[in-house]
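[1] quick check, what structure comes out for this input:
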Amino acid sequence: MKTIASVMTALAILSGGAGRVLAQGHTHLLQTPAEAAWGPAPPMLPSGAQIAVLSGDPTKAVPYSVRLKFPANYAIPAHSHPTDENVVVVSGALTFGMGDKLVKGAAANKTLAAGGYALAPANMNHFAYTTTSETTIVLYGQGPVEFKYVNPADDPRNAKTATK
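    Sure thing, here's the model as predicted:
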């Protein structure tokens, strides 16, 4: 069984030097949850969510990591993304379902508590919701982050333009 160090050494040799394997042009970051700089989530999410960018820029075609905080009884209707979406539940619980419509309580839905992980492949319709507690997740992947709601009427961006 290979150790991580031996795998990294092999990668460094194959790439012509450790600098190319490890140097990614990012600033070193250590951050506690209390140090997160929370703000309102982008308008592609229903109101009430908060976001804290950890690394990268979710609006650009680069790797990103963000924290998202959802209030109790929050729902994100059925949607898809053009890139894979990785989710780790940090606190609370988040229920996921697959399909073209948000259906709370469906037998196929799965609730993930703290430590749970979900991968939603690109272009797969899915939905998510919280129940009685606030929930925090870490979302990461390759940007840009975009939401394509199955039902355009569910897209909060459309509701805002309709009321202006």
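[2] what about residue 132, how many residues close to it?
    8 (other C-beta atoms under 10 Å). Bear in mind the C-beta positions are built from the backbone N, C-alpha and C, glycine included.
[3] which residues are in contact with the nearest residue to it once chain neighbours are set aside?
    Nearest in space to residue 132, with sequence neighbours left out and distances taken as C-beta to C-beta, 6 or more residues apart in numbering, is residue 72 at 5.4 Å. Taking C-beta atoms under 8 Å, 6 or more residues apart in numbering, we find residue 72 in contact with 130-134.
[4] could you check how far residue 72 is from residue 84?
    Taking C-beta to C-beta, to the nearest Å as the measure, residue 72 falls 28 Å from residue 84.
[5] spell out for me which residue occupies the centre of this protein.
    residue 139 (2.4 Å; C-alpha atoms, centre = their mean).
[6] strand partners (parallel or antiparallel) of the host helix or strand of that one?
    Using DSSP states H and E, residue 139 sits in strand 135-142. Sheet pairing of strand 135-142 (DSSP bridges) gives strand 63-70 (antiparallel), strand 85-91 (antiparallel).
[7] alpha carbons only: can I get it in PDB?
    Coordinates of each C-alpha in strand 135-142 appear next as PDB, following Å, rounded to 0.1, in the frame of the first residue of the first chain:
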ATOM      1  CA  THR A 135     -28.100  24.000   8.600                       C
ATOM      2  CA  THR A 136     -24.600  24.800   7.500                       C
ATOM      3  CA  ILE A 137     -22.900  23.100   4.500                       C
ATOM      4  CA  VAL A 138     -19.600  23.400   2.700                       C
ATOM      5  CA  LEU A 139     -20.200  23.500  -1.100                       C
ATOM      6  CA  TYR A 140     -17.200  23.000  -3.400                       C
ATOM      7  CA  GLY A 141     -16.400  22.200  -7.000                       C
ATOM      8  CA  GLN A 142     -15.400  23.900 -10.300                       C
END
